[in-house]
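Novice: sharing a sequence plus its predicted fold:
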Amino acid sequence: MALERLDDPDHPTFGMGQAAELLEVTPAFLRSLDAAGLLSPARSAGGHRRYSRNQLDRVVALREMAEQGHTLASAAEILDLRADLAAEQARHARTRDERDTARDERDTALDERDTARNERDTALDERDTARGQVLLAPDD
């Protein structure tokens, strides 16, 4: 359904004028980020730049870091490294969860094996007891 795209932070929803107005920057600033390769907006069928919410967040972060004294290029590199780190942390968390699940499954399987062994040993003991009773029973 088309409305689902409204929830997608990567969907190119905003035109350049709307993005510039929301961010309180000039369209020229947005064009310069695109020209420098620091932001790659989607293009409409007519070739107009279209920005997603995530890209608007990136512009805000770039601008804040530039105001702190970073060059736009270094700010973009920092943001890229942060994104890479977040992705690796998420991957690590997924791997850790998979490992923990595998351990839990292994432990369950070992418990089931031990239960089956105990049941087998009990059955063997009962069988041996029954055999002993048959051997000890008086003959009629």
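Specialist: Received, thanks.

Novice: how much space separates the residue most central in space within the chain from Asp80?
Specialist: Among the residues of the chain, the one closest to the centroid is Ala90, at 5.0 Å (CA atoms, centre = their mean). Ala90 sits at a distance of 16 Å from Asp80 (criterion: CB to CB, to the nearest Å). All C-beta atoms are positioned from the backbone trio N, CA, C, and that covers glycine.

Novice: output the below-cut-off pLDDT ranges for the protein.
Specialist: Where the chain drops to pLDDT under 70, the residues are 1-2, 139-140.

Novice: rerun that using 80 as the cut-off
Specialist: 1-6, 134-140 (pLDDT under 80).

Novice: mind giving me the domain split of it?
Specialist: 1-74, 87-134 (automatic domain parsing).

Novice: from the ones you listed, which stretch is densest packed?
Specialist: A comparison of those by mean neighbour count, using mean count of other CB atoms under 10 Å, puts domain 1-74 on top with a mean of 14.

Novice: rewinding a little: ok, now which ones touch the residue nearest to the centre of the chain?
Specialist: For Ala90, no contacting residues are found, by CB atoms under 8 Å, 6 or more residues apart in numbering.

Novice: which strand or helix spans it?
Specialist: Using DSSP states H and E, the element containing Ala90 is helix 72-136.

Novice: next, give phi and psi for Gly15.
Specialist: Here is the backbone geometry of Gly15 (degrees, to the nearest 10): phi -70, psi 170.

Novice: enumerate the beta-bridge partners assigned to it.
Specialist: When bridges are called by DSSP bridges, Gly15 pairs up with Arg50.
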